[in-house]
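Asks: here's a sequence, model it:
(chains A and B)
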Amino acid sequence: SAVISQKPSRDICQRGTSLTIQCQVDSQVTMMFWYRQQPGQSLTLIATANQGSEATYESGFVIDKFPISRPNLTFSTLTVSNMSPEDSSIYLCSVESGGGTEAFFGQGTRLTVV
Amino acid sequence: QKEVEQNSGPLSVPEGAIASLNCTYSDRVSQSFFWYRQYSGKSPELIMSIYSNGDKEDGRFTAQLNKASQYVSLLIRDSQPSDSATYLCAGITGGGNKLTFGTGTQLKVEL
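Replies: Predicted coordinates:
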């Protein structure tokens, strides 16, 4: 399985500011996925990031709020923009294994907006 | 109907017992399924995947897929306190690689 490094691991941010989360993979992957896990909830897919094209966002998530970059096959960033307390969540980066659809996760970013 | 459904629990079992975790899915889910374990404050960890009807065993874990009844289960034999975690069932939706997760079942293994 791929080794996924995500940072920061946690942050406390002021409302109205933005935070950029980085995800680095130790091997080249076609697709990278960004999930949100709100307190006590399961994982919800925010968007799928392919290198060289715009990210594909799921219903309820928009690019202005969650801009994503994918400059190469091993790296992606997710920005949470104009934050409010409702954005307090764990944000997770995920990639698939080389051979199939099994997904592996980074250690997550625990975001608290105050 | 939600695409992937789980009972949130908590499910409590005594140490050494078999824990049985269940998941049902809708027609919108293709038949590739995954079980993840998530300890509190940690990210999900893949423990089993199953693609074919029937049973798949890996150590103390057995995944079962019943396509006719549209359910997936995870059995944990000889449950240990270290198995106490939330178990997430996930399936592929959207005709591609999108993973949809259930809400998770909290398992507590008691001494």
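
Asks: the helix or strand of chain A with the lowest mean pLDDT pairs with which strands?
Replies: Every helix and strand in chain A was compared by mean pLDDT, DSSP states H and E; the lowest is strand A:103-105, with a mean of 91. Strand A:103-105 pairs in its sheet with strand A:89-96 (antiparallel), by DSSP bridges.

Asks: list the buried residues of the partner strand.
Replies: A:89-96 (16 or more other CB atoms under 10 Å in any protein chain shown). Placement of C-beta: from N, CA and C, glycine included.

Asks: CA atoms of that strand as PDB?
Replies: The C-alpha coordinates for strand A:89-96 follow below in PDB (Å, rounded to 0.1, in the frame of the first residue of the first chain):
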ATOM      1  CA  SER A  89     -14.000  18.400  10.800                       C
ATOM      2  CA  ILE A  90     -11.300  15.900  10.000                       C
ATOM      3  CA  TYR A  91     -10.100  16.100   6.400                       C
ATOM      4  CA  LEU A  92      -8.600  13.000   4.900                       C
ATOM      5  CA  CYS A  93      -6.600  12.400   1.700                       C
ATOM      6  CA  SER A  94      -7.000   9.000   0.100                       C
ATOM      7  CA  VAL A  95      -5.400   7.100  -2.800                       C
ATOM      8  CA  GLU A  96      -6.100   3.800  -4.400                       C
END
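
Asks: in which helix or strand does the spatially most central residue of chain A reside?
Replies: For chain A, A:Trp34 is the residue whose C-alpha lies nearest the centre (CA atoms, centre = their mean; 3.4 Å). Using DSSP states H and E, A:Trp34 sits within strand A:31-37.
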